[in-house]
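# Any chance you could fold what I've pasted below:
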Amino acid sequence: MWQPVGLRECGLLHILGAGFPTWCPLGDEHQLTGWSGGPRAAQLATHSDDQILVCAVSALATALGPSLEQIQGQIAKPFVFNWQKDPLALAAFRYLGVGASDAGRQLGKPVADTLFCAGEATESALGQPL
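Reported below is the predicted structural model:
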């Protein structure tokens, strides 16, 4: 679906200066993920989900050419996830410090068959599941 505008699987669309500067299609699905980080995300976190969605769709409309209304008409199931307000994420994003290339493997090991961790933090440094 996104191929006509140049987005391919694992491709990225960057919109310089936009509230949502980064967009990525999810394989051949009709899904597109946009995200914002740093100071922009902190500013957006104070807005309602509806306001955040309008900001995201506006950035996409500006980059792709259709009007805001045309883009909104194509959205079947919008979803806004505000990491800044999520008490479990608290705006966190996985990154590896120096010497931590095996941290994901260690975190992914069960503890006493009682504690299990999953998700991106348990992936290898190459992004492959362990």
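# Tell me which residues are up against stretch 67-85.
Stretch 67-85 is contacted from outside by 30, 41-42, 44-45, 49, 52-54, 56-58, 60-61, 64, 89-93, using CB atoms under 8 Å, 6 or more residues apart in numbering. For the C-beta atoms, the positions are set from N, CA and C on the backbone; glycine is no exception.
# Not counting its neighbours along the chain, what's nearest Leu13?
Closest residue in space to Leu13, ignoring its immediate chain neighbours: Trp23 at 4.1 Å, by CB to CB, 6 or more residues apart in numbering.
# Going along the chain from the helix or strand harbouring that neighbour, find the next helix or strand for me.
Per DSSP states H and E: Trp23 is located in strand 22-25. Toward the C-terminus, strand 22-25 is succeeded by strand 32-35 as the next helix or strand (DSSP H and E).
# Could you list the low-confidence segments of the chain?
1-10, 26-29, 90-95, 120, 123-130 (pLDDT under 70).
# for stretch 16-27, which positions count as buried?
18-21, 23-25 (16 or more other CB atoms under 10 Å).
# starting at the chain centroid, how far to it?
The chain centre lies 9 Å from the centre of stretch 16-27; the measure is CA atoms, centre = their mean, to the nearest Å.
# Please apply the same query to stretch 102-118.
Worked out by CA atoms, centre = their mean, stretch 102-118 lies 24 Å from the chain centre.
# Repeat that for stretch 35-42.
Distance, centroid of stretch 35-42 to centroid of chain: 11 Å (CA atoms, centre = their mean).
# Could you find the closest non-adjacent residue to the residue nearest to the spatial centre of the chain?
For the chain, the residue nearest the mean C-alpha position is Trp35 (4.6 Å; CA atoms, centre = their mean). Distances taken as CB to CB, 6+ apart place Thr22 nearest to Trp35, at 5.4 Å, with adjacent residues excluded.
# How much space separates that neighbour from Gly38?
Thr22 is 11 Å from Gly38, where distance means CB to CB, to the nearest Å.
# just Ile15 next, same as before
Counting by CB to CB, the gap from Ile15 to Gly38 is 15 Å.
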